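Asks: sequence and predicted model, in that order:
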Amino acid sequence: MSEKGSTKGRLPHGFIQALRNELGPGTRMGLNELVSRFTTLQVGGCADVYLEPSSEGELARVLNVCNVFGVHFYVLGRGSNALILDGGIRGLVIRLSHANFSAIDPHEERIHCGAGARLHQVASIAHKFGLAGMEFLKGIPGTIGGALRMNAGAMDSEMFEVIESIRYMDHQGVIVTRARQAIPHEYRNCPVLENNIALSACLVGRQDSAAAIAERMHRYLNQRKCTQPSGSSAGCMFKNPSGISAGQLIEELGMKGTRVGGVQISQKHGNFIINDRKGTAGDVLGLIQMVKSRAFEERGVQLETEVKIIGEPPQQFG
Ligand code: EPU
């Protein structure tokens with residue numbers, strides 16, 4: 001177990017020690033850790049405690065300690081759909097990035113994946129084993145856990161189309177397995193995983209030639225490269241409202257290139273906010289608010305962020 005930093009009395013007395021008592025030697029724990037570096041947008045403050053548990057049993061024990069002390073926890077995936085606020089995150093940030101959570105295990109037409117497995121690796125393994133249907137995952141910068149929570153999608157496909165079953169842990173540490181049909185899901189949301197932690201999933205594909213899979217994968221990647229920017233961003237900032245792509249709407253509002261501080265709306269795709277000059281979460285929030293106001297005032301559209309906004313605004317002194 002490695003750790004550094006201080007939480008400056010923000011956590012209940014005895015909490016850190018109780019947590020330490022449950023952790024094995026392979027577990028990484030950090031105090032007052034800058035978690036923006038675990039997100040693609042690269043903004044935001046520190047988490048009181050950052051933890052990479054090394055097993056499901058350990059995760060369950062950690063949740064129990066949080067329950068006993070009344071400490072809030074948040075599970076971060078690849079951080080590609082997260083905006084962490086500048087005041088940081090009170091309590092615990094958990095990432096299932098340990099190798100024990102990241103296995104990708106193909107067997108005939110199925111692939112068993114841990115929550116920490118990277119989507120692009122899952123797509124590559126599906127290709128290698130001649131399994132079609134997962135090509136769209138190649139360009140999404142996320143993990144299986146995050147993609148389940150968000151029902152991530154691209155190229156007219158979405159995560160739950162390739163899911164056979166998922167396993168998750170509830171906040172009491174109990175593990176549940178459910179078939180896809182028993183898990184309500186919608187565009188960019190899987191409500192069950194708002195309050196439960198995805199542990200793993202069984203994905204199912206169909207046999208196809210490696211050449212046909214590779215052709216689709218390259219076409220999708222190329223389409224993404226032509227239409228989406230490559231700088232630091234959280235992907236699409238807003239969910240598409242009914243009837244129009246948010247990117248097209250933002251373009252029609254003439255807002256491409258609009259800048260607040262260190263961040264700007266991409267010139268390439270209107271639904272991407274790019275952090276190109278060491279921007280802050282405050283800058284991103286400022287731009288989100290400008291877009292929302294203009295969309296509502298000029299087009300009557302209420303845009304909703306797809307990106308999850310987490311943590312606290314910065315403390316004001318004086
Ligand atoms: N468009 C514009 N201007 C723009 C952006 C788009 O006119 O600045 C137009 C395009 O020309 C096209 C239409 O809007 O006619 C749709 O654009 P695009 O194909 O880029 O798709 P999108 O709806 O903007 C969605 C997903 C993306 C996913 C792409 C490709 C959402 C919010 N976004 O974008 O997902 O990669 O389709 O399949 O559903 C994400 O969720 O983070 C994400 C990037």
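Replies: Here it is on my side, so go on.
Asks: for K4, give me the pLDDT.
Replies: pLDDT for K4: 51.
Asks: same check, this time on G26
Replies: G26 is given a pLDDT of 89.
Asks: any idea which helix or strand carries it?
Replies: Counting by DSSP states H and E, no helix or strand carries G26.
Asks: number of residues surrounding it?
Replies: Other residues lying near G26 total 14 when counted by other C-beta atoms under 10 Å. C-beta here means a position set from N, CA and C on the backbone, and glycine is covered the same way.
Asks: wait, it touches H98, no?
Replies: Yes: taking C-beta atoms under 8 Å as the definition, G26 is a contact partner of H98 at 7.1 Å.
Asks: list the residues that contact both of those two?
Replies: Listed as contacting both G26 and H98 by C-beta atoms under 8 Å, 6 or more residues apart in numbering are S54.
Asks: pLDDT value on the closest residue to A147 other than its chain neighbours, please?
Replies: For A147, ignoring the flanking residues on the chain, the nearest one in space by C-beta to C-beta, 6 or more residues apart in numbering is M159 at 4.7 Å. Looking at M159, its pLDDT is 98.
Asks: so the spatially closest residue to P53 that is not a sequence neighbour versus D48, what's the distance?
Replies: Once flanking residues are discounted, P53 sits nearest to L59: 4.4 Å by C-beta to C-beta, 6+ apart. Distance, L59 to D48, by C-beta to C-beta, to the nearest Å: 18 Å.
Asks: got it, and E33?
Replies: Distance from E33 to D48, by C-beta to C-beta: 9 Å.
Asks: give me every residue that touches S124.
Replies: Per C-beta under 8 Å, 6+ apart, neighbours of S124: K138.
Asks: give me the number of residues near P25?
Replies: P25, neighbours per other C-beta under 10 Å, totals 7.
Asks: next one: Y168
Replies: 24.
Asks: that one touches I183, doesn't it?
Replies: No: assessed by C-beta under 8 Å, Y168 is found out of contact with I183, at 9.1 Å.
Asks: give the buried residues for stretch 180-188.
Replies: Of the residues in stretch 180-188, 180, 183, 185, 188 count as buried by neighbour count, 16 or more other C-beta atoms under 10 Å.
Asks: tell me the one of those nearest the ligand?
Replies: R188 (6.5 Å; C-beta to the nearest ligand atom).
Asks: show me what the helix or strand hosting I16 is in contact with.
Replies: For I16, the host element (DSSP H and E) is helix 15-22. Helix 15-22 is contacted by residues 1, 7, 29, 31, 49, 51, 58, 61-62, 64-65, 68-69, 71 when judged by C-beta under 8 Å, 6+ apart.
Asks: after it, heading C-terminal, what element do we hit next?
Replies: strand 28-34.
Asks: between whichever helix or strand comes after that next one and helix 15-22, how big is the angle?
Replies: Remark: after strand 28-34, the chain's next helix or strand is strand 46-52, criterion DSSP H and E. Using axes from the mean of the first three to the mean of the last three C-alpha atoms, to 10 degrees, the inter-axis angle of strand 46-52 relative to helix 15-22 is 10 degrees.
Asks: quick one: residues in contact with strand 46-52.
Replies: Taking C-beta under 8 Å, 6+ apart as the rule, strand 46-52 contacts 5, 7, 10-11, 16, 19, 23, 27-35, 62, 74, 88-98.
Asks: just the buried subset of those residues, written out for PyMOL, thanks.
Replies: Only the buried members of the contacts of strand 46-52 enter the following PyMOL selection, criterion being 16+ other C-beta under 10 Å:
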select buried, resi 7+11+16+19+23+27+28+29+30+31+32+33+35+62+74+88+89+90+91+92+93+94+95+96+97+98
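Asks: and for R219, the neighbour number?
Replies: By other C-beta under 10 Å, neighbour count at R219 equals 12.
Asks: centre of the chain versus stretch 40-50, how much separation?
Replies: 13 Å (C-alpha atoms, centre = their mean, to the nearest Å).
Asks: please see if that stretch touches the ligand.
Replies: No: applying C-beta under 6 Å from any ligand atom, one finds stretch 40-50 separated from the ligand by no less than 10.1 Å.
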